[in-house]
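Visitor: The sequence and its predicted three-dimensional model are supplied below.
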Amino acid sequence: GQNIDQPTEMTATEGAIVQINCTYQTSGFNGLFWYQQHAGEAPTFLSYNVLDGLEEKGRFSSFLSRSKGYSYLLLKELQMKDSASYLCAVDGGSQGNLIFGKGTKLSVKP
Amino acid sequence: KAGVTQTPRYLIKTRGQQVTLSCSPISGHRSVSWYQQTPGQGLQFLFEYFSETQRNKGNFPGRFSGRQFSNSRSEMNVSTLELGDSALYLCASSLGVRAMPTYEQYFGPGTRLTVT
C-alpha cells in the first residue's frame, strides 16, 4: 500500500528550532513536496526534493533520504507566523499521483 | 506580476448538476495542477496539465475532468455533482513539470464549492 506518516501536532517556542518528520512507503518515488498552510488560506509551496540531502531556503530546510523513505522539514528561528499546518506529499503514485500526508499542525508559543 | 487567479471564488450547486471552475496561471507558466481539499480527506491531487496535455492524474472518478488551453488557462469540470464534492478546489501553476529539482508551485486562492 501507499502510506505517508507525519506527526499530527507539534508545539515549539518562538526563536527555537523545530524538525517535522515525514516517513513514506509508496509504490514509486520521483520527489517529495513540503507545503505550509495557514488556517483558512491556500497552501504555500515550500520545497520539492528530488535528490538525497539537505536543501536550504532561508529559515527553512528540507532533507531527503530516499533509501530510508524519510524526509524532514527544519524550521529555524521560529516566529509566531510559522504557526500553520505543514504537509508532506510524495510524487510517486500511479499515473503521477501525489500522495499527501495528513499534515502536522505546528503551534509556536511566545 | 499577477498571481494565480481562480474563478469563481464561491459557488453553490445542487446535486446532479455540473460545474466548471477556471484557473489562470502566472504569466509564462505552462503547468497547472488541480487539488481538492476537504476536512475529512485533506488535500488530494486531481490532475496536472502541461502544454495542453494531461501529464499526471490523481485517483478520482471520471466525473472529474480538466483541460488546458493554448494560453495555459485551465478549467476543471465536475459532472453529476454529489454532496461529497463540496470542497475547496485549488489550482497551482508552475513554470515546468515535476521531477525538475528547480520545480516551484504557486497556488491560487481556491474556489469554494458547496453542493446542496
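Guide: Sure thing, it's come through. Numbers count the residues shown, from 1 in each chain, chains lettered A, B, ... in the order given.
Visitor: only C-alpha atoms for contact and neighbour calcs from this point on.
Guide: Fine.
Visitor: what stretches of chain A score poorly on pLDDT?
Guide: A:1 (pLDDT under 70).
Visitor: And the strands in it, which stretches?
Guide: A:3-5, A:9-13, A:18-25, A:31-37, A:44-49, A:53-57, A:60-65, A:70-75, A:84-91, A:98-100, A:104-109 (DSSP state E).
Visitor: Dump the ones you listed into JSON lines; add mean neighbour count as well.
Guide: Below are the strands of chain A laid out as JSON lines (neighbours: other CA atoms under 10 Å in any protein chain shown):
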{"stretch": "strand A:3-5", "mean neighbour count": "17"}
{"stretch": "strand A:9-13", "mean neighbour count": "15"}
{"stretch": "strand A:18-25", "mean neighbour count": "20"}
{"stretch": "strand A:31-37", "mean neighbour count": "22"}
{"stretch": "strand A:44-49", "mean neighbour count": "22"}
{"stretch": "strand A:53-57", "mean neighbour count": "13"}
{"stretch": "strand A:60-65", "mean neighbour count": "20"}
{"stretch": "strand A:70-75", "mean neighbour count": "21"}
{"stretch": "strand A:84-91", "mean neighbour count": "24"}
{"stretch": "strand A:98-100", "mean neighbour count": "26"}
{"stretch": "strand A:104-109", "mean neighbour count": "19"}
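Visitor: what's the following helix or strand after the helix or strand B:Leu88 falls within?
Guide: Assessed by DSSP states H and E, B:Leu88 sits inside strand B:87-94. Using DSSP H and E, the helix or strand that follows strand B:87-94 in sequence is strand B:106-107.
Visitor: For that next one, enumerate the helices and strands it packs against.
Guide: Packing partners of strand B:106-107 (3 or more CA pairs under 8 Å, 6 or more residues apart in numbering or on different chains; DSSP states H and E): strand A:44-49, strand B:87-94.
Visitor: how long is stretch B:104-112 from one end to the other?
Guide: 24 Å (CA to CA, to the nearest Å).
Visitor: With stretch A:55-74 instead?
Guide: Start and end residues of stretch A:55-74 are separated by 10 Å (CA to CA).
Visitor: Same check on stretch B:43-58?
Guide: 11 Å.
Visitor: gap between that stretch and the chain center?
Guide: 8 Å (CA atoms, centre = their mean, to the nearest Å).
Visitor: cool, and stretch B:103-116?
Guide: On CA atoms, centre = their mean, the centre of stretch B:103-116 falls 6 Å from that of its chain.
Visitor: What's the mean pLDDT across that stretch?
Guide: In this model, stretch B:103-116 has a mean pLDDT of 95.
Visitor: Contacts for it, please.
Guide: Residues outside stretch B:103-116 that contact it (CA atoms under 8 Å, 6 or more residues apart in numbering or on different chains) are A:41-45, A:47-48, B:3-15, B:21, B:23, B:81-97.
Visitor: Please repeat the previous calculation with a cut-off of 6 Å.
Guide: A:42, A:45, B:4-5, B:9-14, B:83, B:86-94 (CA atoms under 6 Å, 6 or more residues apart in numbering or on different chains).
Visitor: now do stretch A:4-20
Guide: A:21-24, A:72-79, A:101, A:104-110.
Visitor: Quick one: end-to-end distance for that stretch.
Guide: The first and final residues of stretch A:4-20 sit 13 Å from each other (CA to CA).
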